[in-house]
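Engineer: starting from these lines, generate the structure:
(one chain, ligands or ions: 1)
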Amino acid sequence: MIALYVFVIAIAGAASHAVPVLDIVPRSKWKARPAAGVTALRRPVPFVVVHHSYSPPACTAPSECEASMRWMQDYHQINRSWWDIGYNFAVGGDGRAYEGRGWDAVGAHAPLYNNISIGVCVIGDWSDTAPPERQLETVQNLIAEGVRAGYIAGDYKLVGHKQVRKGTQCPGDALYALIEAWPHYDSAPSLRVSSTTPTPPVENTETNRIRKRKA
Ligand SMILES: [Zn+2]
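Structural biologist: Numbers count the residues shown, from 1 in each chain. Next up, the predicted model:
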């Protein structure tokens with residue numbers, strides 16, 4: 001009986017570690033507004049760009065993270081006049097990945113890199129403290145899924161936003177220090193935008209069709 005008990009524990013333990021669970025929350029679940037426009041992303045992309053949200057702050061419950069997604073979409077579509085939430089995906093402190101523009105659409109998160117990368121926002125302000133382990137694991141699982149499914153090149157390069165855009169602290173010093181040790185981290189990406197370099201206007205043609213969602 002004891003032997004059987006140990007065997008069952010061993011199986012359960014192996015299962016929980018062997019298969020990374022990736023829970024991608026679709027746009028419909030967090031009640032995204034439709035995108036005002038879409039540009040198809042050519043796959044596989046050679047880069048992954050990591051961001052933090054700074055604001056909204058970290059979320060831990062699914063309902064909270066879903067509200068954060070709506071807040072970011074409002075900010076990007078209404079205040080910044082972009083077609084949609086800027087990121088391809090965001091990852092919450094609840095350990096779930098949230099579909100932003102998704103795998104197939106060009107994002108608005110890093111000039112020069114939007115059409116050659118998947119932009120992932122780690123929800124929270126990670127300047128002084130690191131994200132919880134399960135949030136970091138989900139970022140890595142999401143990237144692995146992108147590679148497995150052919151959206152991200154197998155030899156992709158991983159960068160933090162501030163490496164390719166001068167004048168931002170994103171993704172925060174504490175998170176950046178961690179991703180420097182991740183596989184595929186690129187210490188010297190060749191394309192960079194300085195804070196004073198004019199960047200092409202993005203997606204400002206359709207804004208008057210976007211209405212504030214009812215609270
Ligand atoms: Zn950023």
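
Engineer: quick check, residue 124 in contact with residue 51.
Structural biologist: No. With contact defined as Cβ atoms under 8 Å, residue 124 does not reach residue 51; the gap is 10.7 Å. Just so you know, the C-beta spots here come from the backbone N, C-alpha and C atoms, and that holds for glycine as well.

Engineer: neighbour-wise, which of the two wins?
Structural biologist: The neighbour comparison of residue 124 against residue 51 (other Cβ atoms under 10 Å) goes to residue 124, with 27 against 24.

Engineer: and that one, what does it touch?
Structural biologist: 52-53, 57-59, 93, 131, 135 (Cβ atoms under 8 Å, 6 or more residues apart in numbering).

Engineer: closest to the ion among these?
Structural biologist: Using Cβ to the ion, residue 52 comes nearest to the ion of the contacts of residue 124, at 6.8 Å.

Engineer: which SSE is residue 43 in?
Structural biologist: Residue 43 belongs to no helix or strand when assigned by DSSP states H and E.

Engineer: and the residue nearest to it when sequence neighbours are not counted, how far from residue 22?
Structural biologist: Counting by Cβ to Cβ, 6 or more residues apart in numbering, the nearest residue to residue 43 once its immediate chain neighbours are dropped is residue 151, at 5.0 Å. Distance of residue 151 to residue 22, computed by Cβ to Cβ, to the nearest Å: 13 Å.

Engineer: the two - which one has more neighbours?
Structural biologist: residue 151 (19 against 15).

Engineer: pretty sure the more buried one contacts residue 103?
Structural biologist: Yes. Look at residue 151 against residue 103 with Cβ under 8 Å: they come within range, at 4.3 Å.

Engineer: overlap of the contact sets of these two?
Structural biologist: Common neighbours of residue 151 and residue 103 (Cβ under 8 Å, 6+ apart) are 43, 118.

Engineer: for stretch 111-128, measure first residue to last.
Structural biologist: Start and end residues of stretch 111-128 are separated by 26 Å (Cα to Cα, to the nearest Å).

Engineer: got the buried residues for that stretch?
Structural biologist: 111-114, 116-126 (16 or more other Cβ atoms under 10 Å).

Engineer: what sits against the residue nearest to residue 43?
Structural biologist: Taking Cβ under 8 Å, 6+ apart, one finds 43-45, 103-104, 118 in contact with residue 151.

Engineer: need the buried ones from these selected in ChimeraX.
Structural biologist: This is how ChimeraX selects the buried members of the contacts of residue 151, with burial counted by 16+ other Cβ under 10 Å:
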select :44,45,103,118
